[in-house]
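Asker: Give me a 3D structure for the following:
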Amino acid sequence: MPLYTKISSPHFEIALWRIEEELSFFEQKFNAQPDIKNEARRLQWYASRHLVTEMLGSSPTVIKNAAGKPLLKNSSHHISLSHTIQFAAAMVSEHLAVGIDLESVNPKVERIAHKFLREDEISSIEPDEKIGKLILYWSAKEALYKLHGKEGIEFTTQLLIEPFELKPSGVLNAEIAGIEEPLKGLKINYEFFEGHVLTYVVAG
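Answerer: Next comes the predicted model:
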């Protein structure tokens, strides 16, 4: 798995890998067998977990809570995972909750825009920026959802992102509203690369 990029800070570490291995490469390394019939998705599942092993220098067991948030068994580290056909991404923090998302830029995002944006937000997007902004909104809200890591969040009304100017990379201002302790002043970093967008956020 060739390293594509690595981002480090005092509070977290991110690694992004290009997936080039065959499924058999990973199957011999894991005792766990995911209940995923699609081979491409099985490969992505293995690749993201292998990446966590590479980052931590050990072989932790990744489990999930009721909302699907990945957790490390018998570890206090926080993790977040994402993957596409081409890349696997992982974010790890020793003390803070994190959320990472990776999406391929696909025009099909228009079909589901109403599930994560209000109509006035959708209509305010300029036609020549529509796909880029929609995929960024979607990925950013996925990162927020993963950060929160609990069920019952409504993407349109609770995962809020301030209007922004579309750039190749930047920072979005966001908050998670309507929960017991709202998370305000969140900063979502993003970057477009090779037909993808990467977004990530850390609590605190």
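Asker: mind checking how far the closest residue to residue 115 other than its chain neighbours is from residue 180?
Answerer: Excluding the flanking residues, the one nearest residue 115 by Cβ to Cβ, 6 or more residues apart in numbering is residue 155, at 6.4 Å. To be clear about C-beta, it is placed using only N, CA and C from the backbone, and glycine gets the same treatment. As judged by Cβ to Cβ, to the nearest Å, residue 155 and residue 180 stand 18 Å apart.
Asker: can you check residue 67 too?
Answerer: Distance from residue 67 to residue 180, by Cβ to Cβ: 15 Å.
Asker: follow-up on the earlier one: could you pull up the residues touching the residue nearest to residue 115?
Answerer: 115, 116, 141, 145 (Cβ atoms under 8 Å, 6 or more residues apart in numbering).
Asker: what do you get for residue 23?
Answerer: Contacts of residue 23 (Cβ under 8 Å, 6+ apart): 39, 42, 43, 46.
Asker: Scan these and report the most crowded one.
Answerer: Counting neighbours by other Cβ atoms under 10 Å, the top entry in those is residue 46, with 24 neighbours.
Asker: a helix runs through that residue, doesn't it?
Answerer: Yes - per DSSP: H, G, I helix; E, B strand; the rest coil, residue 46 lies within a helix segment.
Asker: unless I'm mixing things up, it is touching residue 31, no?
Answerer: No - judged on Cβ atoms under 8 Å, residue 46 makes no contact with residue 31 at a distance of 11.9 Å.
Asker: circling back: can I get the contacts of residue 23 in JSON lines including secondary structure, pLDDT and distance to residue 189?
Answerer: Putting the contacts of residue 23 into JSON lines (DSSP: H, G, I helix; E, B strand; the rest coil; pLDDT from 0 to 100; distance: Cβ to Cβ, whole Å) gives the following:
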{"residue": "39", "secondary structure": "helix", "pLDDT": "90", "distance to residue 189": "32"}
{"residue": "42", "secondary structure": "helix", "pLDDT": "91", "distance to residue 189": "29"}
{"residue": "43", "secondary structure": "helix", "pLDDT": "92", "distance to residue 189": "27"}
{"residue": "46", "secondary structure": "helix", "pLDDT": "90", "distance to residue 189": "27"}
